[in-house]
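>>> I'd like to go over a predicted model; first the sequence, then the structure.
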Amino acid sequence: MTPDILRILPELILTLTGVVVMLTDATLAPRSSRKPLGWLAALGTTIALCASLGQAALPAGTAFYATVQTDAFSAFFHTLICAIVLAAILLSIDALPQHHRGEFFALIVFGAVGMCLLTSAVELLVVFIALEISSISTYVLAGYRKHTAQGPESAIKYFLLGSFATAFLLYGIAMLFGATGTTQIQEIATLLPAARSHTLVILAFALMMVGVLFKVSAAPFHVWTPDVYEGAPTPVVALMSTAPKVAAFALLVRLLYGAFPLLHTLWMPLLWAVAILSMTVGNLAALRQTNAKRMLAYSSIAHAGYLLAALAGVGSQPITAIAFYTAAYAAMNVGIFALLSLVSGPDEHRSQIADYRGVLHQSPLTGGLMLLFLISLIGIPFTGGFFAKFYSFSTAMNGGAAWLVLIGLLNSGIAAAYYLRFAIALAQPAAKNGHAVTLPRWTLATSAAVLAAGAATLVLGIAPGWVLSAATAAAHSFTVIGGL
């Protein structure tokens, strides 16, 4: 196997998996169960996950004419994305009707190809292609509940707004090429001081940030998030609220520290302002929500702000904090959406927070795990969410942004109010005039996904050393200039 192939091995395995799933689907009877296709996709994703872990042992280097780069940074995010995708596939096997079309699993796997490629691309045109591969899959998946009005509506909104955001990114790439004469990320950093027009560079940077911040659902580019989360199938939301956001943050870090480190005096205060806006808008809006998925959608906007707050740090600490935070956030967010999917059932008839009353009494395991993920989202000690916020805020504090940390802590207090409201609903007995909550049985696939998310949330809160070491190694993949 050639060295170039080794550097895109996870993407290659995922691509082959998607092709095999589609070909196998064509051979099955129209009304036969598509669950075996889910297990086939899960197997391929597991192999890609192992390949991603193996990439960490490879020496850092580029492939395919320096368009992709394999290093500890890309290996960390490849592994995280493959783990998220595997959990989403396992959730989908039993959460959706068994006769749903087999291309559902192929779309998830093909979307993962784009997300993985996005974390290792060091050529801006490859970045654009990877973003499109990821986005097109999620556009279709968001509208998969075609029998409801909300499904197609969410897909159309996501597609239209996402297309505008991608256009901003592409215009930024074109302007940057006009100013520097290259689209290679490492070369851009070298050529920026001699750029033909610094105004054009700044405009290009601003346009590219619009595209990236849209993908991480940071304010003020967040308006699509609540509607899309509410209309998409819950297993799809578990995927799209984590994996694309993880890939987009990896891209953001590679752009800021790989292409635009010399502009740090410009982008640091800009992203601090976005962080404050995201935290505040997300948490205040979540306080008013009665729909569980919309509440968690605004929560994801707030968490984007917590992540961006780490960029107030200096040196390699912000990259370490962002990498660790994405891992912790992925575990607790996949877990809570997995349990929402389990309780609400395939038709998702339980959408309001009040509908979850009595869950803890009827199923202590289900209710207990939901409480675990909620307290992790709050940031209570001994959970992954606590250490994630601790590293993010301590990094900002070390960078001298004490006021940013104070705003973040105040926002965490606001967030505790709506998370605890959900937790109290779980612990309350079911309403006397209402129907008792009937919970579906735990299946093998769902149990594996939920228990893995719960274990990861606890491990990251009690013994985070291994993941923190991997995040630190990822941060050392960048040569950070002294001013950062």
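Perfect, I can see it now.
>>> so A95 sits right up against P233, yeah?
Yes: assessed by C-beta atoms under 8 Å, A95 is found in contact with P233 at 7.4 Å. Heads up, the C-betas are built off the backbone N, CA and C, glycines and all.
>>> For the two, list the residues in contact with both.
S341 (C-beta atoms under 8 Å, 6 or more residues apart in numbering).
>>> where along this structure do the strands fall?
Per DSSP state E, the chain carries strands over the ranges 61-63, 68-70.
>>> Flag every buried residue along the first one.
In other words, strand 61-63. 62-63 (16 or more other C-beta atoms under 10 Å).
>>> ok now do H78, which residues does it touch?
Per C-beta under 8 Å, 6+ apart, neighbours of H78: 10, 52, 55, 116, 119-120.
>>> how about 10 Å then?
By C-beta atoms under 10 Å, 6 or more residues apart in numbering, the contact list for H78 reads 9-11, 48-49, 51-53, 55-56, 70, 112, 115-117, 119-120, 247, 250.
>>> Equivalent analysis for V109, please.
V109 sits in contact with 13-22, 40-42, 44-45, 48, 85, 89, 137, where contact means C-beta under 10 Å, 6+ apart.
>>> re the thing from before, would you turn the strands of the chain into JSON lines with distance to R441 and mean pLDDT?
Output for these, formatted as JSON lines (distance: least, C-beta to C-beta, whole Å; pLDDT from 0 to 100):
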{"stretch": "strand 61-63", "distance to R441": "46", "mean pLDDT": "89"}
{"stretch": "strand 68-70", "distance to R441": "42", "mean pLDDT": "93"}
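>>> Same list (the ones you listed) but as JSON lines, adding distance to A167.
Below are the strands of the chain laid out as JSON lines (distance: least, C-beta to C-beta, whole Å):
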{"stretch": "strand 61-63", "distance to A167": "28"}
{"stretch": "strand 68-70", "distance to A167": "24"}
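>>> Figure out which of these is closest to P261.
strand 68-70 (16.2 Å; C-beta to C-beta).
>>> just checking, what packs against that closest one?
helix 3-7, helix 9-27, strand 61-63, helix 103-120 (3 or more C-beta pairs under 10 Å, 6 or more residues apart in numbering; DSSP states H and E).
>>> cutoff 7 Å now
Strand 68-70 sits against strand 61-63, helix 103-120, with contacts defined as 3 or more C-beta pairs under 7 Å, 6 or more residues apart in numbering; DSSP states H and E.
>>> pLDDT of the longest one, averaged?
Computed over helix 103-120, the mean pLDDT rounds to 94.
>>> how close does the closest residue to L12 other than its chain neighbours get to Q55?
Once flanking residues are discounted, L12 sits nearest to I5: 6.7 Å by C-beta to C-beta, 6 or more residues apart in numbering. The span separating I5 from Q55 equals 12 Å under the rule C-beta to C-beta, to the nearest Å.
>>> same thing with A402?
A402 is 38 Å from Q55, by C-beta to C-beta.
>>> So for those two, which residue has more residues nearby?
Q55 (22 against 12; other C-beta atoms under 10 Å).
>>> if we can go back for a sec, would you list the helices and strands packed on strand 68-70 in JSON lines and tack on distance to M295?
As requested, the helices and strands packed on strand 68-70 are arranged in JSON lines below (distance: least, C-beta to C-beta, whole Å):
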{"stretch": "strand 61-63", "distance to M295": "43"}
{"stretch": "helix 103-120", "distance to M295": "25"}
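>>> Kindly compare burial across the ones you listed and name the winner.
helix 103-120 (a mean of 27; mean count of other C-beta atoms under 10 Å).
>>> what angle sits between that helix and helix 9-27?
170 degrees (axes from the mean of the first three to the mean of the last three C-alpha atoms, to 10 degrees).
>>> then helix 103-120 to CSV, C-alphas only?
The C-alpha trace of helix 103-120 is given here as CSV (Å, rounded to 0.1, in the frame of the first residue of the first chain):
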residue,chain,number,x,y,z
GLU,A,103,-29.4,4.8,1.3
PHE,A,104,-29.9,6.4,4.8
PHE,A,105,-26.8,4.5,6.0
ALA,A,106,-24.9,5.2,2.8
LEU,A,107,-25.6,9.0,3.3
ILE,A,108,-24.2,8.9,6.8
VAL,A,109,-21.0,7.1,5.7
PHE,A,110,-20.5,9.4,2.7
GLY,A,111,-21.0,12.4,4.9
ALA,A,112,-18.3,11.1,7.2
VAL,A,113,-15.9,11.0,4.3
GLY,A,114,-16.3,14.7,3.9
MET,A,115,-16.0,15.4,7.6
CYS,A,116,-12.8,13.4,7.9
LEU,A,117,-11.3,15.0,4.8
LEU,A,118,-12.2,18.4,6.2
THR,A,119,-9.9,17.8,9.2
SER,A,120,-6.9,16.8,7.2
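>>> okay but C82 is in contact with L9, surely?
No: at 11.4 Å, C82 and L9 do not qualify as touching, with contact defined as C-beta atoms under 7 Å.
>>> Quick check on these two: which one has the bigger neighbour count.
With neighbours defined as other C-beta under 10 Å, C82 and L9 compare such that C82 has more, 26 against 21.
>>> got a list of what the residue lying closest to the more buried one once chain neighbours are set aside touches?
Sequence neighbours aside, L49 is the residue nearest to C82 in space, at 3.9 Å (criterion: C-beta to C-beta, 6+ apart). Listed by C-beta atoms under 7 Å, 6 or more residues apart in numbering, the contact partners of L49 are 79, 82-83, 86.
>>> By neighbour count, which of those residues wins?
C82 (26 neighbours).
>>> Report the contact partners of the residue nearest in space to the middle of the chain.
Centre of the chain computed as the mean C-alpha position; nearest residue by C-alpha atoms, centre = their mean is T242, 2.4 Å away. Neighbour list for T242: 84, 329-330, 333-334 [criterion: C-beta under 7 Å, 6+ apart].
>>> The residues you listed in helices, which ones?
84, 329-330, 333-334 (DSSP state H).
>>> Which of those residues sits closest to Y65?
I84 (29.6 Å).
>>> ok, that closest one to S477 distance?
In terms of C-beta to C-beta, I84 sits 21 Å off from S477.
>>> more neighbours, those two?
Taking other C-beta under 10 Å, I84 and S477 do not tie; I84 has more neighbours (29 against 21).
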